[in-house]
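Asks: I'll drop the sequence and a predicted model, then ask my questions.
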Amino acid sequence: MDRYKKVRGMHDIMPGETEKWQFAETVLADSAKLHGYREIRPPVIEERMLFERSIGASSDIISKEIYSFQDRKGRHLALRPEGTASVVRAFIESAPPIPGKITRLYYYGPMFRYDRPQKGRYRQFYQFGVELLGGKHPFFDGEAVALLDFMARKLNITGYYFAINTLGCPKCKSAYTEIVRSALSAKEDSLCEDCRTRLKISPLRIFDCKNAECRESAACAPAVTETLCKECLDHFGEFEEYVKKAGIPCKKQSGLVRGLDYYTRTVFELYVNGDENAVAAGGRYDSLVRELGGADTPAVGFALGMERLISIVNFKLEKTPSVYLAAMGKAAALKGISIVKELRNEGIAAETDYEDRGLKAHLKNADRSGAQWCLIVGDRELEKNEFILKNMVTGEQENISEDTYLKRIKELIK
Ligand code: HAM
């Protein structure tokens, strides 16, 4: 018989792990809410063109990694490779923006990229992201980084820093692109084949090449901050003031350019324990809302990669109180129906097994289930209107009356 395996680049999140995910999900959502964000749930499928227009047709995400297909009516659709484009599309579509109003949205869900699977890199992965729409001031960029810093602290993550940089406004960014192009044209021979193409189409991506030689060549180009207009320099300066004041560990990194086209000005990435993969990344994208058909709306946001985050979160699973019911015989099993109902109504997890088993087998099951207590009900106990309560950790047991068993279990759990 054929046995099916998970598709390459996909992964299961199994019990034992899901608890860690749920813990992180709650911390992230609570943190976002504390900072004024409200949840948005855009769909997983969008028009392919939405991503092409926002992330950039020449980006690796669009040119190599997007999962796209035609539906039965021939529409060109794609599984979302990220969340920002969808959030902006929904923002534009939902209501006309109110001038001066700040909209803070957070989202969580699976993203899809046909990436080369390796540690921390999957083809389906989860992102937790936030987008702040309508804020132009550089302190909003600072607040985005401060939120990530808050989340990291709430998750007890240590040994992290933010790589920060600016790409300038669209005018500065395109001027800088030309500066990099001409600086690297002289080094074309040392570039890999992909980067020779990048040199023609989008030279800034050479900073991001996986090939160290290409990155070294790119490092010879002037730093972006040497080429910016005064407004862009001031914007970055004020952002730096914010993160300094907030005590957030940051390192200026002039080669940080990000692989998505929509960024303008501030960009940042979160690194932990010297790992080469960023755990989270984001930045400002002041032109995207207009480019996708909305009103002029400056914006800033970030997304956390959940798989990478989960691999560094320190988490101790706290056991919820639970009882295993060992009911032996038909009469006990019938009594058990109301016992487990009462326990669950009181918020106590209860589990049982309906097969006809002896006490030894039941105790083995109780042990496997991880229950702290085993409530034993047999014909003999029923006759005396009594149950036996066994502490699965210490092995101690006591007789308790049918009338007071619930009270006693609640007392012990407290
Ligand atoms: P991104 O850098 O493409 O940015 O992805 C953000 C994070 O998602 C990464 O730092 C990483 O943790 C995770 N990630 C990306 N690709 C993979 C993968 N193949 N496997 C596992 N994790 C992955 C964005 O997506 C932007 N939308 C972020 C943003 C929001 N910018 C502004 N607002």
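Replies: Okay, I see it.
Asks: show me which residues of the stretch 201-350 of the chain sit near the ligand.
Replies: Proximity of the stretch 201-350 of the chain to the ligand (CB under 6 Å from any ligand atom) is limited to residues 260, 278-283, 301-303, 305, 307-308. In short, each C-beta sits where N, CA and C put it, glycine included.
Asks: buried subset of those residues, written for PyMOL?
Replies: Selection of the buried residues among these in PyMOL, burial being defined by 16 or more other CB atoms under 10 Å:
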select buried, resi 260+278+279+280+281+282+283+301+302+303+305+307+308
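Asks: which pair in the residues of the stretch 201-350 of the chain next to the ligand spans the largest distance?
Replies: Based on CB to CB, the longest span within those runs between Gly283 and Glu307 and measures 21.3 Å.
Asks: residue in this protein nearest to the ligand?
Replies: Gly305 (2.1 Å; CB to the nearest ligand atom).
Asks: report pLDDT for that residue.
Replies: You'll see Gly305 listed with a pLDDT of 98.
Asks: same check, this time on the one 10 residues further on
Replies: With respect to pLDDT, Phe315 scores 82.
Asks: still on that earlier bit, just checking, the residue of the chain closest to the ligand touches Phe125?
Replies: Yes - the pair Gly305 and Phe125 qualifies as a contact (CB atoms under 8 Å) at a distance of 6.1 Å.
Asks: got phi/psi on the spatially closest residue to Gly282 that is not a sequence neighbour?
Replies: Spatial nearest neighbour of Gly282, chain neighbours left out: Phe302 (2.5 Å); criterion: CB to CB, 6 or more residues apart in numbering. Main-chain torsions, Phe302, degrees, to the nearest 10: phi -160, psi 170.
Asks: in the sheet, who's paired with Phe302?
Replies: Beta-bridge pairing for Phe302 (DSSP bridges): Val130, Gly282.
Asks: so who does it touch?
Replies: Gly129, Val130, Ala144, Val145, Leu147, Leu148, Phe268, Ala280, Ala281, Gly282, Gly283 (CB atoms under 8 Å, 6 or more residues apart in numbering).
Asks: and the closest residue to the last one other than its chain neighbours, helix, strand or coil?
Replies: Spelled out, that is Gly283. Nearest non-adjacent residue to Gly283, counting by CB to CB, 6+ apart: Val267, 3.6 Å away. Here Val267 is strand, with the state taken from DSSP: H, G, I helix; E, B strand; the rest coil.
Asks: please apply the same query to the one 10 residues further on.
Replies: Classification of Asn277 by three-state DSSP places it in coil.
Asks: now for it, how many residues are close by?
Replies: Counted with other CB atoms under 10 Å, residues neighbouring Asn277 total 15.
Asks: from memory it sits against Arg121, does it?
Replies: Yes - Asn277 lies in contact with Arg121 (CB under 8 Å); the separation is 7.3 Å.
Asks: in the stretch 151-300 of the chain, which spans are strands?
Replies: Under the criterion DSSP state E, counting those that start in this stretch, strands of the stretch 151-300 of the chain are mapped to 160-166, 250-252, 266-272, 280-284, 299-305.
Asks: in terms of secondary structure, what does the shortest one contact?
Replies: The contact analysis (3 or more CB pairs under 8 Å, 6 or more residues apart in numbering; DSSP states H and E) places strand 250-252 against strand 160-166, helix 230-245.
Asks: right, is the shortest one up against the ligand?
Replies: No - using CB under 6 Å from any ligand atom, we find that strand 160-166 stays clear of the ligand, coming within 11.0 Å at best.
Asks: that strand vs strand 280-284, what angle?
Replies: Going by axes from the mean of the first three to the mean of the last three CA atoms, to 10 degrees, strand 160-166 is angled at 30 degrees with respect to strand 280-284.
Asks: strand 160-166 vs strand 266-272, what angle?
Replies: Calculated by the same axes, to 10 degrees, strand 160-166 forms an angle of 160 degrees with strand 266-272.
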